[in-house]
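Novice: prediction below, plus the sequence it came from.
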Amino acid sequence: MSSDKIIIYCRAKDCPLSEKVAVGLKLFVFPNVKVYKGGIEEWMAYGLPVEEI
């Protein structure tokens with residue numbers, strides 16, 4: 001079981017895919033999954049950190 005924090009987001013607020021991905025990750029034993037509903041555009045507008053993988 002992973003204790004890493006995972007934040008899932010889509011490009012914009014109206015995208016439902018991040019919720020689906022979060023549910024899938026929780027099924028695979030990742031309990032610390034959160035969805036940022038504002039999307040990456042809002043996240044970056046607030047100057048929050050982004051890591052590329």
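Specialist: Perfect, I can see it now.
Novice: please name every helix or strand in contact with the host helix or strand of residue 22.
Specialist: Here residue 22 is covered by helix 17-27, with elements defined by DSSP states H and E. Contact partners of helix 17-27 among helices and strands, from 3 or more Cβ pairs under 8 Å, 6 or more residues apart in numbering; DSSP states H and E: strand 6-8, strand 33-35. C-betas here are computed from N, CA, C, even on glycine.
Novice: got the CA coordinates for stretch 15-25 in CSV?
Specialist: Extracted in CSV, the C-alpha atoms of stretch 15-25 (Å, rounded to 0.1, in the frame of the first residue of the first chain):
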residue,chain,number,x,y,z
CYS,A,15,-13.6,17.2,-17.5
PRO,A,16,-14.9,14.1,-15.7
LEU,A,17,-11.9,11.9,-16.3
SER,A,18,-10.0,12.9,-13.2
GLU,A,19,-12.7,11.4,-11.0
LYS,A,20,-12.6,8.1,-12.9
VAL,A,21,-8.8,7.9,-12.6
ALA,A,22,-9.0,8.6,-8.9
VAL,A,23,-11.5,5.8,-8.4
GLY,A,24,-9.3,3.4,-10.3
LEU,A,25,-6.2,4.3,-8.3
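Novice: what residues of that stretch count as buried?
Specialist: 18, 22, 25 (16 or more other Cβ atoms under 10 Å).
Novice: what is the nearest of these to residue 37?
Specialist: Nearest to residue 37 among these, counting by Cβ to Cβ, is residue 18 at 7.7 Å.
Novice: who's in contact with the closest one?
Specialist: Shown in contact with residue 18 (Cβ atoms under 8 Å, 6 or more residues apart in numbering): 8, 9, 10, 35, 36, 37.
Novice: please redo it, this time with the cut-off set to 6 Å
Specialist: 8, 9, 10, 35 (Cβ atoms under 6 Å, 6 or more residues apart in numbering).
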